[in-house]
Structure formats: C-alpha cells, structure tokens
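Participant: could you work out the structure for the sequence below:
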Amino acid sequence: MPELSERGFEVYDRFKDIYHNDVRVQESSLASHPAVWIFVNDGGANDGAIHLDYDLAGRLIAALEAWRAAHPASA
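Facilitator: Next up is the predicted model:
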C-alpha cells in the first residue's frame with residue numbers, strides 16, 4: 001500500500017540528501033493536469049520545493065540521467 005500525505009496524496013519516495021536534509025517526492029493536488037512536488041526540508045529557514053508537470057519532470061529525469069552517465073558510480 002502506498003504512503004499517503006496528510007491530505008491523501010501519494011508520497012512516491014522519502015530520503016535524506018547528502019547534507020541529511022529530508023526530501024519528499026509527492027503527488028500534487030493540481031486539478032488541471034498531473035504534477036508532482038519535490039520538497040526539501042533542512043529543518044530551518046532554507047526549506048524549499050519545486051512543482052513539476054509531466055514535461056518538466058521528464059526534463060529533470062533527463063538531466064539527472066545525463067549527470068549519472070557523466071559520473072559513473074564508484075565500484
């Protein structure tokens with residue numbers, strides 16, 4: 001069963017970044033078309049979020065895949 005936010009939207013993943021900030025990828029409540037939120041919470045004044053639609057999510061995925069291809073994981 002997927003995790004749901006307090007408002008009933010699906011939480012796709014939670015993890016900590018390399019600085020131990022909490023990251024949450026969550027379904028958006030946007031009514032006009034599908035969208036996703038990526039929240040970053042550092043526990044202070046620098047909390048932030050990005051709101052992406054399908055096309056923007058694809059651009060982010062492509063950019064991250066290009067970065068991974070240029071920086072293979074260490075064995």
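Participant: point out where the protein drops to low pLDDT.
Facilitator: Scanning the chain for pLDDT under 70 picks out the ranges 75.
Participant: which residue ranges form the strands in it?
Facilitator: Using DSSP state E, the strands found in the chain span residues 3-4, 10-16, 22-27, 35-41, 48-53.
Participant: would you mark the buried spots in stretch 25-32?
Facilitator: 25, 26, 27 (16 or more other C-beta atoms under 10 Å). In short, each C-beta sits where N, CA and C put it, glycine included.
Participant: need phi/psi at the spatially closest residue to residue 54 that is not a sequence neighbour.
Facilitator: The shortest distance from residue 54 to any non-neighbouring residue, by C-beta to C-beta, 6 or more residues apart in numbering, is to residue 34 (5.9 Å). In terms of degrees, to the nearest 10, the main-chain angles of residue 34 are phi -60, psi 140.
Participant: so residue 34 touches residue 51, yeah?
Facilitator: No: judged on C-beta atoms under 8 Å, residue 34 makes no contact with residue 51 at a distance of 11.6 Å.
Participant: need the residues touching each of those two.
Facilitator: residue 28 (C-beta atoms under 8 Å, 6 or more residues apart in numbering).
Participant: beta partners of residue 3?
Facilitator: Beta-bridge partners for residue 3, by DSSP bridges, are residue 11.
Participant: so what's residue 52 up against?
Facilitator: 35, 36, 37, 38, 60.
Participant: export the residues you listed to TSV and tack on neighbour count?
Facilitator: What follows is the contacts of residue 52, written out as TSV (neighbours: other C-beta atoms under 10 Å):
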residue	neighbour count
35	16
36	20
37	19
38	17
60	14
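Participant: residue 20: which of these is nearest?
Facilitator: Of all the contacts of residue 52, residue 20 sits closest to residue 38, with 16.8 Å by C-beta to C-beta.
Participant: what about the closest one, distance to residue 63?
Facilitator: Going from residue 38 to residue 63 by C-beta to C-beta, to the nearest Å gives 13 Å.
Participant: so how many other residues sit close to residue 23?
Facilitator: Using other C-beta atoms under 10 Å, residue 23 has 13 neighbouring residues.
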